[in-house]
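A.B. asks: Just need the structure, nothing else, for what follows:
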Amino acid sequence: MQWNLMENEWYLEKINILGDFLKNELSQLTQNAKEKEFKTGDLIFMPDDPGDTVFLIKRGRVKLYSLSYCGKESVHFLFYAGEFFGLSEIFGNERRVCFAEAEEPTIVTKISSQKFEEILYSNPKISKIIIKILGKRLMQLCKAFETITSQDLKTRIALALLRLGSVCGIDRHGEILIESKITHKTLAGMVGSSRQSVTEILNSFIKKNLIKYDERKRIIILDRHKLIDLITS
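C.D. replies: Sure thing, here's the model as predicted:
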């Protein structure tokens with residue numbers, strides 16, 4: 001498989017939600033909405049909470065995940081500034097089925113589901129954008145499941161690093177700094193493995209000069225093309 005055939009896959013796509021909104025439409029959604037701050041590790045919601053709020057991230061990063069009966073974490077999405085989350089439960093007044101946790105100091109705008117639905121019904125353009133968002137996220141989940149079931153762990157980790165580099169990476173003269181600090185636990189939840197196994201493979205990537213850490217323990221992709229070769233070989 002050649003890299004130019006993989007460029008539009010889920011792990012490289014950043015959904016630019018706010019770029020689809022006009023300024024007045026965003027103001028319509030957030031008018032009189034309340035903001036709330038969360039510290040790193042704070043739960044924003046958990047399973048069985050009422051699904052009566054949609055959240056828009058103003059600053060920070062939010063992890064959406066579920067836990068198995070034995071406590072193993074499965075990360076479904078990482079959401080960044082400018083992204084909505086909590087959309088799935090607003091239709092039909094459903095309760096939450098996952099955990100949403102702040103992975104760093106985070107500020108969110110809270111929009112009531114009642115107001116959100118009213119705006120969707122009255123503004124077809126906003127409705128179309130939200131449908132687009134939900135459709136892309138469903139595609140992401142399908143692609144993630146396909147990757148976990150068909151690719152070895154080393155490949156899954158390389159794919160996850162490339163996606164993170166695409167979504168929150170900074171190009172520094174050919175090296176890509178993943179600006180957000182991603183813990184081994186979170187990465188393990190993203191690729192469906194244990195933290196120990198992820199740590200071992202990341203250490204092997206360091207020995208091969210594929211990645212390194214900066215002084216703040218953030219991952220730097222040293223050679224994007226070698227990571228791509230690892231996937232396609």
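
A.B. asks: Okay, and the beta partners of Ile111?
C.D. replies: Beta bridges link Ile111 to Val54 when assigned by DSSP bridges.

A.B. asks: unless I'm mixing things up, it is touching Leu29, no?
C.D. replies: Yes. Ile111 is within contact range of Leu29, at 6.1 Å (criterion: CB atoms under 8 Å). All C-beta atoms are positioned from the backbone trio N, CA, C, and that covers glycine.

A.B. asks: Run through the residues that contact the nearest residue to Ile170 once chain neighbours are set aside.
C.D. replies: Nearest residue to Ile170, sequence neighbours excluded (CB to CB, 6 or more residues apart in numbering): Leu177, at 4.6 Å. Leu177 makes contact with Gly169, Ile170, Asp214, Arg218, Ile219, Ile220 under the criterion CB atoms under 8 Å, 6 or more residues apart in numbering.

A.B. asks: Generate a ChimeraX selection restricted to the buried subset of those.
C.D. replies: To isolate in ChimeraX the members of the contacts of Leu177 that are buried, counting by 16 or more other CB atoms under 10 Å, one can use:
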select :169,218,219,220
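
A.B. asks: Quickly find the element holding the residue positioned nearest the centre of the chain.
C.D. replies: Closest to where the C-alpha atoms of the chain average out (CA atoms, centre = their mean) is Leu78, at 2.1 Å. Here Leu78 sits within strand 73-80, counting by DSSP states H and E.

A.B. asks: Listing partners with orientation, what would you give for that strand?
C.D. replies: Each strand that pairs with strand 73-80, with its direction, by DSSP bridges: strand 61-67 (antiparallel).

A.B. asks: residues in contact with the strand it pairs with?
C.D. replies: For strand 61-67, the external contacting residues (CB under 8 Å, 6+ apart) are 44, 47, 55, 73-81, 85, 97-104, 106, 108, 168, 180, 186, 189.

A.B. asks: Would you mind checking the average pLDDT for it?
C.D. replies: Averaging pLDDT along strand 61-67 yields 92.

A.B. asks: buried ones in it?
C.D. replies: Residues of strand 61-67 classed as buried: Arg61, Val62, Lys63, Leu64, Tyr65 (neighbour count, 16+ other CB under 10 Å).

A.B. asks: ok now that strand, how far from the chain's centre?
C.D. replies: Distance, stretch centre to chain centre, for strand 61-67: 9 Å (CA atoms, centre = their mean, to the nearest Å).

A.B. asks: Could you report the separation of His173 from Asn209?
C.D. replies: Taking CB to CB, to the nearest Å as the measure, His173 falls 16 Å from Asn209.

A.B. asks: got any residues that touch both of Ile111 and Leu29?
C.D. replies: With CB under 8 Å, 6+ apart, Ile111 and Leu29 have common neighbours Leu56.

A.B. asks: Of these two, give the one with the bigger neighbour count.
C.D. replies: Ile111 (22 against 19; other CB atoms under 10 Å).

A.B. asks: Selection in ChimeraX covering whichever of the contacts of strand 61-67 are buried, please.
C.D. replies: Those of the contacts of strand 61-67 that count as buried under 16+ other CB under 10 Å are selected in ChimeraX with:
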select :44,55,73,74,75,76,77,78,79,80,81,85,98,99,100,101,102,103,106,108,168,180,186,189
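
A.B. asks: least trustworthy position among the contacts of Leu177, going by pLDDT?
C.D. replies: Lowest pLDDT among those: Gly169, 85.

A.B. asks: The biggest helix by length in the chain packs against which elements?
C.D. replies: Longest helix in the chain by number of residues (criterion: DSSP state H): helix 124-150. Here helix 124-150 touches helix 23-30, strand 73-80, helix 113-122, helix 153-168, going by 3 or more CB pairs under 8 Å, 6 or more residues apart in numbering; DSSP states H and E.
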